[in-house]
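A.B. asks: Give me a 3D structure for the following:
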Amino acid sequence: MTDIESPAPRRKLPVFTGIIVLIALAILISLGTWQVERLHWKEGLLADIAERRAAAPVPLADIEAMAAQGGDIEYRMVTATGRYINNKERHFFATWRGQTGYYIYTPLQLADERYLFVNRGFVPYENKEPEMRMQGQLTGQQTVTGLARAKLPGKPSWVVPDNDVAKNIFYWKDLDLMASSVDLDKASVLPFFVDADSTLNPKGLPIGGVTQVDLPNDHLQYAFTWYGLAVVLIVVVAISWFRPRKGAAQ
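C.D. replies: The predicted model follows:
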């Protein structure tokens, strides 16, 4: 009588290892779920920004009041009237559509003698100095429409170079330094910027409408990564669990 072969015993998962696996699985799933939540938040934010940019412009006083109350003024359409102080413009190093140059930040003097720094737009590297674009140096009372931009709380990153006041080259938008470098009292300068819209300037310079909404939305990709790692972990544990031990009876 032939012996009936008994099935090979399965590999046992030690208790400690099982706990570690469960903890790792919980972490991976939590990270994936967090990224899904971030995805919904980012999509809502982008939709909100798109709605603000498409809205009718509001008076400057409305943005001032909102900023004073700590409200979110970013990318809200606004209109302001005043006189450009062209001899106090500041130059922010930038690229626009693959071309190196500068954004021209010019203080707009308002009727109440305060100032609003306006990003009038982009000029190529060779047009940095005002004498290379004199027709774009608007004089007299001007009305500008554009997007409100909040004042930066500090330098964005240590990798960003320091602003070079002597050469009038700014690598980050330090509003206080822009103002003090042209002898404007901080108290007389509004605590935000305005990016001018694409209304054509004489001879096309500066080129307005340069605001870029740089909000990467990779959360779905990250969510798939974390959930994918969780699936891989489950598969590895399952293979380990069901694989026969070496040396088991044949």
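
A.B. asks: switch to C-alpha atoms for all contacts and neighbour counts from now on
C.D. replies: Noted.

A.B. asks: Which positions in the top helix by length along the chain come out as buried?
C.D. replies: What stands out as the longest helix in the chain, according to DSSP state H, is helix 15-54. For helix 15-54, the buried set under the neighbour-count rule, 16 or more other Cα atoms under 10 Å, comprises 21, 25, 28-29, 31-33, 35-36, 38-39, 42, 49, 52-53.

A.B. asks: Check stretch 224-242 too.
C.D. replies: Neighbour-count burial for stretch 224-242, counted by 16+ other Cα under 10 Å, picks out 225-227, 229-230, 233.

A.B. asks: Kindly report the same for stretch 151-170.
C.D. replies: By neighbour count with 16+ other Cα under 10 Å, stretch 151-170 contains the buried residues 163, 169-170.

A.B. asks: before we move on, the earlier item: by contact count, what packs against the longest helix of the chain?
C.D. replies: Here helix 15-54 touches strand 77-84, helix 219-242, going by 3 or more Cα pairs under 8 Å, 6 or more residues apart in numbering; DSSP states H and E.

A.B. asks: Now tell me which of these the model trusts least on average.
C.D. replies: Lowest mean pLDDT of these: helix 219-242, a mean of 82.

A.B. asks: Tell me how far that one lies from the chain's centre.
C.D. replies: Counting by Cα atoms, centre = their mean, to the nearest Å, helix 219-242 is centred 31 Å from the centre of its parent chain.

A.B. asks: Same check on stretch 18-33?
C.D. replies: Centroid separation for stretch 18-33 versus its chain: 31 Å, with Cα atoms, centre = their mean.

A.B. asks: so residue 94 touches residue 104, yeah?
C.D. replies: No: using Cα atoms under 8 Å, residue 94 is not in contact with residue 104; the gap is 9.9 Å.

A.B. asks: Mind listing the shared neighbours of the two?
C.D. replies: Common contacts of residue 94 and residue 104 (Cα atoms under 8 Å, 6 or more residues apart in numbering): residue 122.

A.B. asks: Comparing those two, which residue is more hemmed in?
C.D. replies: Each of residue 94 and residue 104 has its neighbours counted (other Cα atoms under 10 Å); residue 104 has more, 26 against 19.

A.B. asks: now the more buried one, what's its secondary structure?
C.D. replies: Secondary structure state of residue 104, per DSSP: H, G, I helix; E, B strand; the rest coil, is strand.

A.B. asks: quick one: contacts for it?
C.D. replies: Residue 104 is in contact with 89-92, 118-123, 206, counting by Cα under 8 Å, 6+ apart.

A.B. asks: I'd like to know which elements the host helix or strand of residue 66 is packed against.
C.D. replies: Following DSSP states H and E, the helix or strand that holds residue 66 is helix 60-68. Counting contacts by 3+ Cα pairs under 8 Å, 6+ apart, helix 60-68 packs against strand 77-84.

A.B. asks: Pull out the buried positions in the strand it packs on.
C.D. replies: Within strand 77-84, the residues that qualify as buried are 77-84, counting by 16+ other Cα under 10 Å.

A.B. asks: Need those in a markdown table (columns: distance to residue 157).
C.D. replies: Below are the buried residues of strand 77-84 laid out as a markdown table (distance: Cα to Cα, whole Å):
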| residue | distance to residue 157 |
| --- | --- |
| 77 | 28 |
| 78 | 29 |
| 79 | 31 |
| 80 | 31 |
| 81 | 34 |
| 82 | 34 |
| 83 | 34 |
| 84 | 31 |
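
A.B. asks: ok, so of those, who is nearest residue 190?
C.D. replies: Closest approach to residue 190 among the buried residues of strand 77-84 (Cα to Cα): residue 80, at 11.9 Å.
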